[in-house]
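Engineer: starting from these lines, generate the structure:
(chains A and B, ligands or ions: 1)
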Amino acid sequence: MESDPSLLKTLLTFSERFGQMLSRILLTVLYYGLLGPVALFYQRCADPLHLRKRPSGNWTAWDDHGVGFKAARRQD
Amino acid sequence: MNVLGLSFDYHDSSAALIKDGVLVAAASEERFSRVKHDSSLPKLAVEFAIQKGGITRDELDWVVFYEKPFVKFERMLLTGLATFPRSAGVFRESMQRWVSDKLWVKSHMARKLGVPKKKLLFAEHHMSHAAASFFTSPFADSAILTVDGAGEWTTATMGIGRGNKIELLKEMRFPHSLGLLYSAFTAYCGFEINEGEYKLMGMHPYGTPRYTDKIKQLIEVGEDGSLWHDMRYFSYHFSRNDTLSTAFEEHFGRPRRDPKESDKSLDPYYCDMAASIQAVTEEVLLKMLPHLHEVSGGMKSVCLSGGVALNSVANYKLMRDGPFEEVYIHPAPGDDGGAAGAAYWAYNQICDQPRGPALDHAFLGSEYSDEQIEAFLRENDIPYEHIADDQAFYQFVAKALEEGQVCGWFRGRFEWGPRALGARSIIADPRRAEMKEKLNSTIKFREAFRPFAPSVLEERADEFFEIPNAEKHFPARFMLYVAPVRAEKRDVLPAITHEDGSGRLQTVFKDTNPGYHQMIKAFGDLTGVPVVMNTSFNLKGEPIVESPAHAFNTFSLSGMDLLLLHNFIIRADAKKKIAETRFHLRHEGDSVLQMVS
Ligand SMILES: [Fe+2]
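Structural biologist: Numbers count the residues shown, from 1 in each chain, chains lettered A, B, ... in the order given. Sure thing, here's the model as predicted:
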């Protein structure tokens, strides 16, 4: 039996949209359910964005991610 | 040794090839793909660079990405945590993009470029900026300042370059960012972010900087030029669509300008705002530089890099009023230049290779031979004339300009970076005031207030602009200074003299752009003014032309009078539509999410 290309395209579009919707739902659940409690705790003990003003300027020492080939190969 | 640098996944994706320390090819993907600000993996630009370098993919020793993707991902996560629960939307969308695409940069590069993973390296974003500027500079040792919107975490750095090594010393981190501050005001004044910053800069001379104090109430500027933003006024750290919060608009007492209005007229309030943010930007940079001068132990020169170094109004003032004797800026100081920077970093810093020559020109793109141009014209049945003798051709062009004709000038390898420097330029007579209106309304189809740039012979630049010893100023070669037009010359050059008496000059050198130089000289011999009006060879929203076909298409769609493909002359009555040269005519700027992630 030959497959209908337009049907296949519709199915593909549907599954892509469905997948996107599903991932949005999952990410929303993850954000509020898992990240939320951590975030509330984190906001009390850390200020990674320096939202609170620092007393002596906002330059910090350069955060070096290592030197040489080993560090250069890393993505972090 | 062959090192390929790449920047993509953000804005203006690019590829640059270094062959034994020499930058042999560098180009943005948009020139080939015809998608303005194309951010995809630059396959076409890579293809071009490899072919231009005369090598195969197997002969690449290293392929270097211009940033550390996992560090950026960490920033997205921690920003999400720090701004919970306001960041729900941005978290969802950015995670979708990261998980489905951006986290797999290494695999994508290996698979799509056919390069083994062991040859892939990753530079830090601001190290790429620093390397692009320092390693292509003429300085053995230099201080380095990089300032942009945001890299991974970093938004600005100070460092020192010595020989073939760079040491970064200090950084400023997201969300505190001079680049993002400028972008916030770009949005407030009704322009697209990551697109309209030029317009804001072009608008500033129409205003008075009366709101600098009010702007400084949103931020704290240290004596060392460090910036701290009161983030209650901004929202780019948690919003998908807004850079500014309601508090920002309440603070200034007026809402942001409707983007639909921004291109149509000059509202005095927003002109004043443009002037004010320009003044604050200059003030911050003029505080950073003395601090860097001190930190560097009084070095004589400085290399500037990052998107903020495209602010050519500020650059000139940094050169004139800053503590450094000499300033260098790479022709592509933005993220496109990160491709070249990443390659230089790997070559010099990581592989410990000696420095190559300074970059004294930007002609690193593709080129077409006379035979290819003629074949194109014949295949498409386009009538043309050809003047074989160069001098006779330059005199013909000079005469055409003098008569008021607007010419598309296509010659040699196209330029690296955002500026047209006489390889893909539209040129006209700067002595005719009406040329500004003609170019804006019938050729570029852009805002009437935007200025046009002059190309001037380097040896006579000081006669027309306040730029003594012009040969020393590398940024002026790359059109990265806006200098005052000498008072007595402003009436001579009305079409390129901006509202405040300034001009974004390009100094043209005999050695690095001989054809363009000789044509301007011929125009000077004819008129006494060795200056031409130069704007990029594109329509509004179109990438600058790459091939004769693109050039002919743009010529046909605009009000240009002559098209000059090398010494081939095509007249306006030859204009017609040819099918294969489509482009995306309008770029709508980036979303806030794209800007910060
Ligand atoms: Fe950058």
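Engineer: same question for the longest helix along chain A, mean pLDDT?
Structural biologist: In chain A, with assignment by DSSP state H, the single longest helix is helix A:5-29. The average pLDDT within helix A:5-29 is 84.
Engineer: hmm, who's touching it?
Structural biologist: For helix A:5-29, the external contacting residues (Cβ atoms under 8 Å, 6 or more residues apart in numbering or on different chains) are B:88, B:91-92, B:95-96, B:99. For glycine as for every other residue, the C-beta is placed from the backbone atoms N, C-alpha and C.
Engineer: got the end-to-end distance for stretch B:6-23?
Structural biologist: 13 Å (Cα to Cα, to the nearest Å).
Engineer: can you check stretch B:135-152 too?
Structural biologist: Stretch B:135-152 end-to-end distance (Cα to Cα) = 22 Å.
Engineer: quick check: nearest residue in space to the residue in chain A positioned nearest to the ion, chain neighbours excluded?
Structural biologist: Among all residues of chain A, residue A:62 sits closest to the ion, at 15.6 Å; criterion: Cβ to the ion. Nearest non-adjacent residue to residue A:62, counting by Cβ to Cβ, 6 or more residues apart in numbering or on different chains: residue B:168, 4.2 Å away.
Engineer: surely the one you found touches residue B:151?
Structural biologist: No: judged on Cβ atoms under 8 Å, residue B:168 makes no contact with residue B:151 at a distance of 11.4 Å.
Engineer: now do the shared contacts for these two.
Structural biologist: residue B:126.
Engineer: which of the two has more neighbours?
Structural biologist: residue B:151 (30 against 21; other Cβ atoms under 10 Å in any protein chain shown).
Engineer: quick one: secondary structure of that one?
Structural biologist: Following DSSP: H, G, I helix; E, B strand; the rest coil, residue B:151 is assigned to coil.
Engineer: before we move on, what about the one 10 residues further on?
Structural biologist: Following three-state DSSP, the label given to residue B:161 is strand.
Engineer: show me what it bridges to in the sheet.
Structural biologist: Taking DSSP bridges as the rule, residue B:161 bridges to residue B:142, residue B:166.
Engineer: so what's the residue of chain A closest to the ion up against?
Structural biologist: B:157, B:159, B:168-171.
Engineer: how does it look with 7 Å?
Structural biologist: B:157, B:168-171 (Cβ atoms under 7 Å, 6 or more residues apart in numbering or on different chains).
Engineer: re the thing from before, so how far is the helix or strand just after the longest helix of chain A off the chain centroid?
Structural biologist: Next along the chain after helix A:5-29, taking DSSP states H and E as the criterion, comes helix A:36-45. Its chain's C-alpha centre and that of helix A:36-45 lie 17 Å apart, by Cα atoms, centre = their mean, to the nearest Å.
Engineer: quick one: contacts for the residue nearest to residue B:419 when sequence neighbours are not counted?
Structural biologist: For residue B:419, ignoring the flanking residues on the chain, the nearest one in space by Cβ to Cβ, 6+ apart is residue B:479 at 4.4 Å. Listed by Cβ under 7 Å, 6+ apart, the contact partners of residue B:479 are B:312, B:419, B:421, B:453, B:504, B:506.
Engineer: for those, which one is nearest chain A?
Structural biologist: Nearest to chain A among these is residue B:312, at 25.3 Å by Cβ to the nearest Cβ.
Engineer: sorry, back to before: that's a helix at the residue nearest to residue A:62, yeah?
Structural biologist: No: the assignment for residue B:168 (three-state DSSP) gives strand, which keeps it out of a helix.
Engineer: how near is it to residue B:502?
Structural biologist: Between residue B:168 and residue B:502 the computed distance is 33 Å (Cβ to Cβ, to the nearest Å).
Engineer: same thing with residue B:77?
Structural biologist: On the measure of Cβ to Cβ, residue B:77 and residue B:502 end up 44 Å apart.
Engineer: looking at those two, which one has more neighbours?
Structural biologist: Between residue B:77 and residue B:502, residue B:502 has the larger neighbour count (other Cβ under 10 Å), namely 22 against 16.
Engineer: next, that one: phi, psi?
Structural biologist: Main-chain torsions, residue B:502, degrees, to the nearest 10: phi -110, psi 170.
Engineer: I figured it hits residue B:482, correct?
Structural biologist: Yes: counting by Cβ atoms under 7 Å, residue B:502 does reach residue B:482; the two are 4.9 Å apart.
Engineer: list the contacts for residue B:435?
Structural biologist: By Cβ under 7 Å, 6+ apart, the neighbours of residue B:435 are B:428-429, B:495, B:533.
Engineer: sketch out the low-pLDDT regions of the stretch 51-200 of chain B for me.
Structural biologist: When residues are selected by pLDDT under 70, none of them lie in the stretch 51-200 of chain B.
Engineer: tell me the residues on it that lie near the ion, please.
Structural biologist: With the criterion set to Cβ under 5 Å from the ion, the stretch 51-200 of chain B comes near the ion through residue B:148.
Engineer: and the strands in the stretch 51-200 of chain B, which stretches?
Structural biologist: B:62-65, B:120-122, B:141-147, B:154-162, B:165-173 (DSSP state E, counting those that start in this stretch).
Engineer: mind checking pLDDT for residue B:587?
Structural biologist: For residue B:587, the pLDDT comes out at 46.
Engineer: what is the burial count for residue B:165?
Structural biologist: The number of residues packed near residue B:165 is 13, by other Cβ under 10 Å.
Engineer: so what's it up against?
Structural biologist: Taking Cβ under 7 Å, 6+ apart as the test, what residue B:165 contacts is residue B:349.
Engineer: try the one 3 residues further on
Structural biologist: Neighbouring residues of residue B:168 by Cβ under 7 Å, 6+ apart: A:62, B:126-127, B:130, B:157, B:159.
Engineer: again with residue B:63
Structural biologist: Residue B:63 sits next to B:4, B:6, B:109, B:113, B:115, B:119-120 when contact means Cβ under 7 Å, 6+ apart.
Engineer: now rank those by neighbours and give me the top one.
Structural biologist: Going by other Cβ under 10 Å, residue B:4 tops those with 29 neighbours.
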